[in-house]
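Undergrad: Okay, here's the prediction I keep looking at, along with the sequence it came from:
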2 protein chains.
Amino acid sequence: MTPNTARRNETSRRAILTAAFDLLQEVGYAKVSIEGIATRAGVGKQTIYRWWPSKGAVIFDAFLLLSEGAEGEPPTLPDTGDLAADLRLVLRATVEEMNDPRYEQPMRALATEITLDPELAAAYAQRLDGPLREAKRRRLRSAQQAGQLADDVDLDVAVDLIWGPVLNRWLYRSGPLTTAYADRVVTTALDGLRPRRPGE
Amino acid sequence: MTPNTARRNETSRRAILTAAFDLLQEVGYAKVSIEGIATRAGVGKQTIYRWWPSKGAVIFDAFLLLSEGAEGEPPTLPDTGDLAADLRLVLRATVEEMNDPRYEQPMRALATEITLDPELAAAYAQRLDGPLREAKRRRLRSAQQAGQLADDVDLDVAVDLIWGPVLNRWLYRSGPLTTAYADRVVTTALDGLRPRRPGE
């Protein structure tokens, strides 16, 4: 491949993925078609089929493009030493993203694709959620080493307790998804449901 | 309506809902059609359209039929006085149901319909999840009154912390969904992530 071809390919790839994401926002997953993406991106349908086997696969890569850091750096969580404050900051940002109408349709489309398709779920777990989950575990491990987390806490269970409720409330629309809710989840996960002694 | 007509209607209704549920298990949501349900149930398509506006609505009612107790009694959680043991019992049963291949396809179909359709999500929250959530809150309230839960715990957040992680792990297939995982979620939610003093 000449440098020119590589550059043209990369330009087409980005145009296709951007078109897929824009259409998701505008018309919803059910109405997005390979044909529609091709028209919007100004490429032929065959160009899309050469690189992706299905609509779900294009959309997955559109999310991957969105999540790529500037230099492909792995995600990190803030670490000020104050675990509760750091978690509140991150979880509030998640809540705000979930409440952003621009992400509403695309994120729901991705969620349903993952729910129905085990292969896409595996790709999601490895390529999209994997690096993020590792960043969460890293932040919690640092807190554990500082004595702010019990030694016997399973860090994967901890990640699920902190991030699971917000994701569920969003998916199932089971209650108002507010920053106050996010704060309460952080406090409750850290303190636990059983009473603590005063001052503990 | 004569008693005979009412009985015939109820028989048709159950035949349709059972057919819908069976087809969901066998072919998956995408391939279920009103026509297929009608054929399987031995009724005309018009009979189905007379009672339900869409495929999603039929399937929702099929779940509702499944969840109806013998005498329409509201669901209850076991209350032996040992909160941790009771929660482990209930959460293990949930895990077993989620791992049951008979429920796999139908439950995923319901989950994706709820994710995409706000109206169905509202019906689910009110008619299917509502009574169950109230039963969970009731069990936790009884524990709170017995001093086994901190006074300031928000019972809705508590329900989300206990049941959310298992639901997520199932939806996103983010890890093995075992009874050991369910047990660990219960312990971690009750104790919290922060260290406790020895013996507490």
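TA: Noted; the coordinates are in hand. Numbers count the residues shown, from 1 in each chain, chains lettered A, B, ... in the order given.

Undergrad: Break chain A into its domains for me.
TA: Following automatic domain parsing, one finds the domains of chain A at A:3-67, A:83-191.

Undergrad: Nearest to chain B among those domains would be which one?
TA: Nearest of the domains of chain A to chain B, taken as Cβ to the nearest Cβ: domain A:83-191 at 3.7 Å. Glycine gets a C-beta too; all of them are placed from N, C-alpha and C.

Undergrad: Check whether A:Leu24 sits in a helix, strand or coil.
TA: helix (DSSP: H, G, I helix; E, B strand; the rest coil).

Undergrad: residues contacting it?
TA: Shown in contact with A:Leu24 (Cβ atoms under 8 Å, 6 or more residues apart in numbering or on different chains): A:Val32, A:Ile59, A:Ala62, A:Gln105, A:Pro106, A:Ala109.

Undergrad: For the last one, which non-adjacent residue is spatially closest?
TA: Read that as A:Ala109. Leaving aside its chain neighbours, A:Ala109 sits nearest to A:Tyr29 (3.5 Å; criterion: Cβ to Cβ, 6 or more residues apart in numbering or on different chains).

Undergrad: Contacts only, for that neighbour.
TA: Neighbouring residues of A:Tyr29 by Cβ under 8 Å, 6+ apart: A:Ile59, A:Gln105, A:Arg108, A:Ala109, A:Thr112, A:Glu113, B:Leu116.

Undergrad: Go ahead and confirm A:Phe75 touches A:Leu132.
TA: One thing to correct before we go on: residue A:75 is Pro, not Phe. Yes: using Cβ atoms under 8 Å, A:Pro75 is in contact with A:Leu132, at 5.4 Å.

Undergrad: shared neighbours of the two, which are they?
TA: Common neighbours of A:Pro75 and A:Leu132 (Cβ under 8 Å, 6+ apart) do not exist.

Undergrad: mind listing the helices for chain A?
TA: For chain A, the helices defined by DSSP state H cover A:3-27, A:34-41, A:45-51, A:55-67, A:83-98, A:101-116, A:118-123, A:129-145, A:155-172, A:179-191.

Undergrad: With respect to A:Ser67, which of the contacts of A:Tyr29 is nearest?
TA: Nearest to A:Ser67, judged by Cβ to Cβ, of the contacts of A:Tyr29 is A:Ile59 at 13.0 Å.

Undergrad: quick one: pLDDT of the closest residue to that closest one other than its chain neighbours?
TA: In space, and not counting its chain neighbours, A:Ile59 is closest to A:Ala20: 5.5 Å by Cβ to Cβ, 6+ apart. Here the pLDDT value assigned to A:Ala20 is 92.

Undergrad: Now for A:Ala20, how many residues are close by?
TA: Neighbour count of A:Ala20, defined by other Cβ atoms under 10 Å in any protein chain shown: 27.

Undergrad: Repeat that for A:Thr76.
TA: By other Cβ under 10 Å, 13 other residues sit near A:Thr76.

Undergrad: Any chance you could list what contacts stretch A:134-146?
TA: For stretch A:134-146, with Cβ under 8 Å, 6+ apart as the criterion, the contacting residues are A:74-79, A:81, A:83, A:86, A:149-151, A:153, A:155-156, A:158-159, A:162-163, B:193.

Undergrad: For stretch A:165-180, measure first residue to last.
TA: End-to-end distance of stretch A:165-180 (Cα to Cα, to the nearest Å): 13 Å.

Undergrad: If you count neighbours, what's buried in it?
TA: A:Pro165, A:Val166, A:Leu167, A:Asn168, A:Arg169, A:Trp170, A:Leu171, A:Tyr172, A:Arg173, A:Ser174, A:Leu177 (16 or more other Cβ atoms under 10 Å in any protein chain shown).

Undergrad: from those residues, which two are the most distant?
TA: Among those, A:Pro165 and A:Arg173 lie farthest apart (Cβ to Cβ), at 13.4 Å.

Undergrad: give the contact list for the closest residue to chain B within chain A.
TA: Residue of chain A nearest chain B, by Cβ to the nearest Cβ: A:Gly192 (2.3 Å). Contact analysis of A:Gly192 by Cβ under 8 Å, 6+ apart lists B:Ala150, B:Thr188, B:Ala189, B:Leu190, B:Asp191, B:Gly192, B:Leu193, B:Arg194, B:Arg196.

Undergrad: wait, which of those is closest to B:Ile16?
TA: Nearest member of the contacts of A:Gly192 to B:Ile16, counting by Cβ to Cβ, is B:Ala189, at 40.1 Å.

Undergrad: Let me know how buried the closest one is, in neighbour terms.
TA: B:Ala189: 26 surrounding residues under other Cβ under 10 Å.

Undergrad: Now do the nearest residue to A:Asp151 once chain neighbours are set aside against A:Asp86, distance only.
TA: In space, and not counting its chain neighbours, A:Asp151 is closest to A:Gln144: 6.9 Å by Cβ to Cβ, 6+ apart. The gap separating A:Gln144 from A:Asp86 is 14 Å, by Cβ to Cβ, to the nearest Å.

Undergrad: And for A:Arg127?
TA: 25 Å.

Undergrad: Looking at these two, which is more packed in?
TA: Taking neighbours as other Cβ under 10 Å, A:Arg127 and A:Asp86 compare with A:Asp86 leading, 18 against 14.

Undergrad: What values do phi and psi take at the closest residue to that one other than its chain neighbours?
TA: Leaving aside its sequence neighbours, A:Asp86 sits nearest to A:Pro78 (Cβ to Cβ, 6+ apart; 4.7 Å). The phi and psi torsions at A:Pro78 (degrees, to the nearest 10) take the values phi -60, psi 150.

Undergrad: Wait, A:Pro78 touches A:Val90, no?
TA: Yes: contact status for A:Pro78 versus A:Val90: in contact at 6.9 Å, counting by Cβ under 8 Å.

Undergrad: Between those two, tell me which one has more neighbours.
TA: A:Val90 (19 against 11).

Undergrad: wait, the more buried one sits on A:Thr76?
TA: No: counting by Cβ under 8 Å, A:Thr76 is not a contact partner of A:Val90; they are 10.5 Å apart.
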